[in-house]
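**Student:** what follows is a predicted structure for the sequence shown.
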Amino acid sequence: MQLTYHSDYSLRMLIYLTINSDRLVSTEEISNAYGISKNHLVRVAQTLNRHGFINLYAGRKGGIKLARDPKDIIIGDVVRHTEPNFHLVECFDKENNTCSIVSVCGLKSMLYQAKEAFLATLDKYTLADVINFNDQHKLPLYF
């Protein structure tokens with residue numbers, strides 16, 4: 001299983017905004033910090049704003065800021081809102097499934113449990129935990 005770039009960049013944006021929570025930050029600044037496309041980050045910001053993780057401020061002096069305290073942003077919630085689906089295998093998608101053994105196969109149930117365990121683990125952590133995990137206090141030094 002691999003998260004999409006959209007989820008990856010969403011989490012990176014939230015981390016950057018947490019470290020720079022004392023001011024508005026532009027998508028260009030985040031783009032430069034991580035070396036990722038500004039255009040992609042604009043779409044990421046729209047998604048995070050739509051789900052209430054960040055606030056967008058338009059205008060020349062505009063920018064982005066976290067909408068909530070980092071301790072109130074659960075990583076599992078971010079991933080649920082930024083991933084298009086969690087179809088680990090084709091049979092998870094009822095409309096497009098072509099697997100002929102789906103009705104007698106036990107693998108689907110096992111993979112479903114694995115997906116739920118993955119999300120349950122992410123639900124245990126907040127954005128504040130990401131920043132404070134082990135030596136993460138050194139994180140601001142990387143930007």
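**Tutor:** Looks like it came in fine. Since we're looking at a predicted model, the values are computed, not measured.
**Student:** what ranges do the strands span in the protein?
**Tutor:** 54-57, 63-66 (DSSP state E).
**Student:** neighbours of H40, how many?
**Tutor:** 14 (other CB atoms under 10 Å). No exception for glycine: its C-beta is placed from N, CA and C like everyone else's.
**Student:** distance of it relative to Y9?
**Tutor:** According to CB to CB, to the nearest Å, H40 stands 6 Å off from Y9.
**Student:** also A128?
**Tutor:** 20 Å.
**Student:** more crowded one of these two?
**Tutor:** Y9 (24 against 14).
**Student:** OK, contacts around that one?
**Tutor:** Contacts for Y9 (CB atoms under 8 Å, 6 or more residues apart in numbering) come out as Y34, I36, H40, L41, V44.
**Student:** shaky segments in the chain?
**Tutor:** Within the chain, the stretches with pLDDT under 70 are 134-137.
**Student:** just the CA trace of the lengthiest helix in it, in PDB.
**Tutor:** With secondary structure taken from DSSP state H, the chain has its longest helix at helix 107-123. What follows is helix 107-123, C-alpha atoms only, in PDB (Å, rounded to 0.1, in the frame of the first residue of the first chain):
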ATOM      1  CA  LEU A 107      -8.300 -12.600   1.000                       C
ATOM      2  CA  LYS A 108     -10.600  -9.600   0.800                       C
ATOM      3  CA  SER A 109     -11.500  -9.900   4.400                       C
ATOM      4  CA  MET A 110      -7.900 -10.100   5.500                       C
ATOM      5  CA  LEU A 111      -6.900  -7.100   3.400                       C
ATOM      6  CA  TYR A 112      -9.900  -5.100   4.800                       C
ATOM      7  CA  GLN A 113      -8.700  -5.900   8.300                       C
ATOM      8  CA  ALA A 114      -5.200  -4.700   7.400                       C
ATOM      9  CA  LYS A 115      -6.500  -1.500   6.000                       C
ATOM     10  CA  GLU A 116      -8.500  -0.900   9.200                       C
ATOM     11  CA  ALA A 117      -5.500  -1.600  11.300                       C
ATOM     12  CA  PHE A 118      -3.500   0.900   9.200                       C
ATOM     13  CA  LEU A 119      -6.000   3.600   9.700                       C
ATOM     14  CA  ALA A 120      -6.500   2.800  13.400                       C
ATOM     15  CA  THR A 121      -2.700   3.300  13.900                       C
ATOM     16  CA  LEU A 122      -2.900   6.700  12.100                       C
ATOM     17  CA  ASP A 123      -5.900   7.600  14.300                       C
END
